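1. Next one to model:
(chains A and B)
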Amino acid sequence: MKQKLIKITVAALALGATASVAMAITPQQKAQYLAAKKNGLIGEKMDGEIGTVSAPSAGLKSLVDAINIERKAVYLRLAKQQGVRPADAGVSAGCNQIKKTKPGEYYQAPAGNWVQRTAGAPQLNAVCPK
Amino acid sequence: MTEHKLTESAKTAIRKQMKGIVSYVPLAVLGVAVTGCVQVAAPDKPIVINLNIKIEQEVIYRIDGAVKDAIEENSDIFG
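-> Alright, predicted model coming up:
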């Protein structure tokens, strides 16, 4: 009986952990994030995080922080799996995310400044795969 | 005999004093060594090791596939 109870508790905990990962960003937050990106309020940084292009509202700031915390968790997992540093996983993600930006969206150039993506190729960090 | 004893006690006194001085010598050396360290450990310009960049580039290439998969799996935060 006692063992069964323990098993149930463990299963519940595992379920809770999975749920907390999946529910990290609410649908509203995701919509807010996509809108902010499209409107040039936020951009993709070289380190794999997002940043605010101009002074953000308190709401946008907390949204950016929430997304970056989740991204860092992904980089930490990747680093463990691949035997690299979390920062390496972040830089790799930064390369991919910057390549994926659409014209009009912002990204961080190698010099560190925000650049608006044009129809041409973005300016990539020297370590990014070509 | 009395003279001899006096000489002995004088010697002992001198030895004691010497011991006192000797025990300060390592401290003095240490003091010099510490000062030397501080002076040496202050380069004007940062040392740039370019090798680090190459290692990172290889790592970025190697993990690119796994990172792309992770981005797809977490599309809600990599919109």
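
2. where's the residue lying closest to residue A:105 once chain neighbours are set aside relative to chain B, distance?
-> With Cβ to Cβ, 6 or more residues apart in numbering or on different chains as the criterion, residue A:105 has its nearest non-adjacent residue at 5.1 Å, and that residue is residue A:117. No exception for glycine: its C-beta is placed from N, CA and C like everyone else's. Counting by Cβ to the nearest Cβ, to the nearest Å, the separation of residue A:117 from chain B is 15 Å.

3. Okay, buried residues for stretch B:65-76 please.
-> B:67, B:70-71, B:74, B:76 (16 or more other Cβ atoms under 10 Å in any protein chain shown).

4. of these, list those near chain A.
-> Restricting the buried residues of stretch B:65-76 to those touching chain A (Cβ under 8 Å from any Cβ of the partner chain) yields B:67, B:70-71, B:74, B:76.

5. picking that back up, could you dump the buried residues of stretch B:65-76 to CSV with pLDDT and secondary structure?
-> Shown next, in CSV, are the buried residues of stretch B:65-76 (pLDDT from 0 to 100; DSSP: H, G, I helix; E, B strand; the rest coil):
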residue, pLDDT, secondary structure
B:67, 98, helix
B:70, 98, helix
B:71, 98, helix
B:74, 96, coil
B:76, 94, coil
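
6. What confidence value was assigned to residue 16?
-> As the question left the chain open, I've gone with chain A. The model reports residue A:16 with a pLDDT of 44.

7. my bad, chain B
-> 65.

8. Would you mind measuring from the residue nearest to the spatial centre of chain A to chain B?
-> Central residue of chain A (Cα atoms, centre = their mean): residue A:71, 3.7 Å from the mean position. Distance from residue A:71 to chain B, counting by Cβ to the nearest Cβ: 6 Å.

9. interface residues of chain B facing chain A?
-> Contact residues (Cβ under 8 Å from any Cβ) of chain B with chain A: B:53, B:56-57, B:59-64, B:66-68, B:70-71, B:74, B:76-79.

10. one step back: could you save the ones next to chain A among the buried residues of stretch B:65-76 as a markdown table and add columns showing distance to residue B:44?
-> Shown next, in a markdown table, are those (distance: Cβ to Cβ, whole Å):
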| residue | distance to residue B:44 |
| --- | --- |
| B:67 | 39 |
| B:70 | 43 |
| B:71 | 43 |
| B:74 | 45 |
| B:76 | 48 |
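
11. what about the strands in chain A?
-> With DSSP state E, the ranges of strands along chain A come out as A:42-44, A:50-52, A:106-108, A:114-116.

12. Run through chain A and note the low-pLDDT ranges.
-> Judged against pLDDT under 70, the low-scoring parts of chain A cover residues A:1-23.

13. can you give me the helices for it?
-> A:2-22, A:27-38, A:58-82, A:86-100 (DSSP state H).

14. coming back round to it: can you flag which of the residues of chain B next to chain A belong to helices?
-> Reading helices off the residues of chain B next to chain A with DSSP H, I get B:53, B:56-57, B:59-64, B:66-68, B:70-71.

15. if you compare the helices of chain A, which one is most tucked away?
-> The highest mean neighbour count among those, using mean count of other Cβ atoms under 10 Å in any protein chain shown, belongs to helix A:86-100: a mean of 22.
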